[in-house]
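[1] got a predicted model here, sequence first, then my questions.
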Amino acid sequence: MLETATALLLGHMLGDFTLQTSAMVADKARAKVLFIHVWIVLLASWLALGLAPAPWLLLLIGVSHFATDLAKQRYAARRFARGAAPGFAAFATDQAAHLAVIWLAANLWPGAWASGLWAQPALLAQLPSLARLPEAMAIASGLVATVWAGGYAVRELMSGLKLPADPETDTSLPRGGQLIGRLERLMILMLLLANQPDGIGLLIAAKSILRFNEIGKADDRRASEYVIIGTLGSFAWAISTAYGTNALLAALRGP
C-alpha cells in the first residue's frame, strides 16, 4: 500500500509543480487548460505506478483533482474580485485535499503498485535495483515538494505583504529571489537527509549576515520584516518537507 501511495505522490508532485507551466497556472480558470492539467497528473501517476491496470484508482485521482482545483479557482476568483490574493491557507487546503485522496486511493487499491511494470518479478530478476525504486520516488517527491512546491507556498504566504518595487532603486537580479529560495530549500533538504541538521544553523547565520547588510542600507523596517518572514517561511517549509521525506523513507525501508 505504501508503495502505491508513494508512486501516486510522485505523480502528483510532478504534475502539479514541475510539469505545470506558469502559463497553465495563470490560465487554469479555462476548462480546457484545467482538463489538460488533470490529464498530465493522471499520466504522471500512471507512469509512476508502472502502467498498472487500475482504471478506478486513476478515475478517483482525476475526478478529485479536477473538483479540488475547480473549487480553488472559484475561491481565488472571489478573493481577487475583493482585491485580495487567495493566500497560503488556500494553497495548503488544496494540497491537503490532494494528499488525502492519494492516501484514500492507496488504501482502496493497495495492490496497484504490485500489478505495475516496476514490481514484476521477471523485471526485478533482471534489474534488482528496481526494488529500491519506491525509495527513489520518495526522495524525488521530497525534492519537488521542498524546492518547487516550497516556492509556491512562500509566495502565497507573502502575497498579502508584497512590497512595491521601485524600478529606479530595485537593482536585484531578475528572479534572483526565486533562485535563492530554491537553493536554500535544496540545501536544507540535503542536510536533513544526510542527518546533518547543524548545518542549517550555518545557513541561517550566513543569510542573516547578508540580509542584514542589505537591509541596513535600505533603512526600512517594512523591508526587514518582509525579508525575515519570507526567510523563516522558506526554512520552515523546507525543514517540514525534509522530515516528511525522511519519515516516508523510514516507513518504506521498514524495521
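    Great, that's in hand.

[2] hey, let's count contacts and neighbours off CA atoms from now on
    Noted.

[3] quick one: secondary structure of G50?
    What DSSP: H, G, I helix; E, B strand; the rest coil gives for G50 is coil.

[4] for the stretch 151-255 of the chain, just list every one of the helices.
    176-193, 198-218, 221-253 (DSSP state H, counting those that start in this stretch).

[5] so I36 is in which element?
    Assigned by DSSP states H and E, I36 belongs to helix 31-48.

[6] you'd agree S115 is up against A52?
    Yes. Look at S115 against A52 with CA atoms under 8 Å: they come within range, at 5.5 Å.

[7] between these two, tell me which one has more neighbours.
    With neighbours defined as other CA atoms under 10 Å, S115 and A52 compare such that A52 has more, 21 against 16.

[8] find the nearest non-adjacent residue to the more buried one, please.
    Leaving aside its chain neighbours, A52 sits nearest to G116 (4.0 Å; criterion: CA to CA, 6 or more residues apart in numbering).

[9] ok, now which ones touch the one you found?
    G116 is in contact with L49, G50, L51, A52, P53, counting by CA atoms under 8 Å, 6 or more residues apart in numbering.

[10] again with H12
    Neighbours of H12 in contact, by CA under 8 Å, 6+ apart: V41, A44, S45.

[11] what's the separation between the second one and P53?
    Using CA to CA, to the nearest Å, one obtains 14 Å as the distance from A44 to P53.

[12] of those two, which one has the most company?
    For A44 versus P53, neighbours defined as other CA under 10 Å are more numerous around A44 (24 against 15).

[13] surely the more buried one meets F17?
    No. The criterion here is CA under 8 Å, and A44 misses it with F17 at 11.6 Å.

[14] which of the helices of the stretch 151-255 of the chain has the lowest average pLDDT?
    Ranked by mean pLDDT, the helices of the stretch 151-255 of the chain bottom out at helix 198-218, with a mean of 61.

[15] show me what contacts the closest residue to R253 other than its chain neighbours?
    Ranked by CA to CA, 6+ apart and with sequence neighbours excluded, the top spatial neighbour of R253 is E135, at 7.9 Å. Going by CA under 8 Å, 6+ apart, E135 touches L249, L252, R253.

[16] name the SS class of E135, please.
    From three-state DSSP, the assignment for E135 is helix.

[17] for A5, see how far away it is.
    Relative to A5, and taking CA to CA, E135 is found at 12 Å.

[18] again with R74
    28 Å.

[19] which of these two has more neighbours?
    A5 (25 against 12).

[20] how near is the more buried one to R82?
    Distance, A5 to R82, by CA to CA: 38 Å.

[21] got it, and A251?
    Distance of A251 to R82, computed by CA to CA: 45 Å.

[22] what's the answer for L249, then?
    L249 is 43 Å from R82, where distance means CA to CA.

[23] repeat for A194
    46 Å.

[24] check which helix or strand covers the spatially closest residue to A29 that is not a sequence neighbour.
    Here the nearest residue to A29 in space, its sequence neighbours aside, is Q73; by CA to CA, 6+ apart that works out to 6.2 Å. Following DSSP H and E, one finds Q73 within helix 55-81.
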